[in-house]
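Q: sharing a model prediction with you, sequence too.
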Amino acid sequence: MSFNVEIIGLLAATLTTASFVPQVLKVWRTKEVKNLSLTMYSAMLAGVILWFTYGVLINSISIILANIITAILVSCIIYFRIRYSKK
């Protein structure tokens, strides 16, 4: 039973994590960041770190993997947002 639940978690994690890839690619290619909210992505990163911690505590590979990858993608967006913002 728990294996089937973990498969559902992995599928959900894949879809939600992959949703950040187009944004990262768009910002990387265009260097356009004026419409991105630093506050929103900072809060997202904090939440992802907490979800990762939760995944470690309950030993859920789907939660752990999804949030490691999401943290990397969100960190890229934050980095681009800071780097490409007009000074």
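A: Sure thing, it's come through. Being a predicted model, the structure only gives us computed values, none of them experimental.
Q: could you use CA atoms for every contact and neighbour count after this?
A: Fine.
Q: now do residue 28 against residue 8, distance only.
A: Here residue 28 is placed at a distance of 31 Å from residue 8 (Cα to Cα, to the nearest Å).
Q: test my guess that residue 66 contacts residue 15.
A: No - at 9.4 Å, residue 66 does not count as touching residue 15 under the criterion of Cα atoms under 8 Å.
Q: how many residues are close by residue 22?
A: Burial measure for residue 22: 10 neighbouring residues, criterion other Cα atoms under 10 Å.
Q: residue 19 too?
A: By other Cα under 10 Å, 13 other residues sit near residue 19.
Q: what do you get for the one 4 residues further on?
A: If you count neighbours by other Cα under 10 Å, residue 23 ends up with 16.
Q: and the residue most central in space within the chain, what are its phi and psi?
A: The centroid of the chain falls nearest to residue 70 when counting by Cα atoms, centre = their mean (2.3 Å). Backbone dihedrals for residue 70, given as degrees, to the nearest 10, come out at phi -60, psi -40.
Q: about what we covered before: of residue 66 and residue 15, who's got more company?
A: When residue 66 is set against residue 15 and neighbours are counted by other Cα under 10 Å, the residue ahead is residue 66, at 24 against 12.
Q: helices or strands up against the helix or strand bottoming out on mean pLDDT in the chain?
A: Taking all helices and strands of the chain together, the one with the lowest average confidence (mean pLDDT, DSSP states H and E) is helix 2-18, at a mean of 83. Contact analysis of helix 2-18 by 3 or more Cα pairs under 8 Å, 6 or more residues apart in numbering; DSSP states H and E lists helix 61-84 as its packing neighbours.
Q: which helices and strands does the helix it packs on pack with?
A: Taking 3+ Cα pairs under 8 Å, 6+ apart as the contact definition, the neighbouring helices and strands of helix 61-84 are helix 2-18, helix 21-30, helix 38-58.
Q: tell me the contacts of the residue lying closest to the residue nearest to the centre of the chain once chain neighbours are set aside?
A: With Cα to Cα, 6 or more residues apart in numbering as the measure, residue 17 is the residue that lies nearest to residue 70, at 5.4 Å, once sequence neighbours are left out. By Cα atoms under 8 Å, 6 or more residues apart in numbering, the residues touching residue 17 are 66-67, 69-70.
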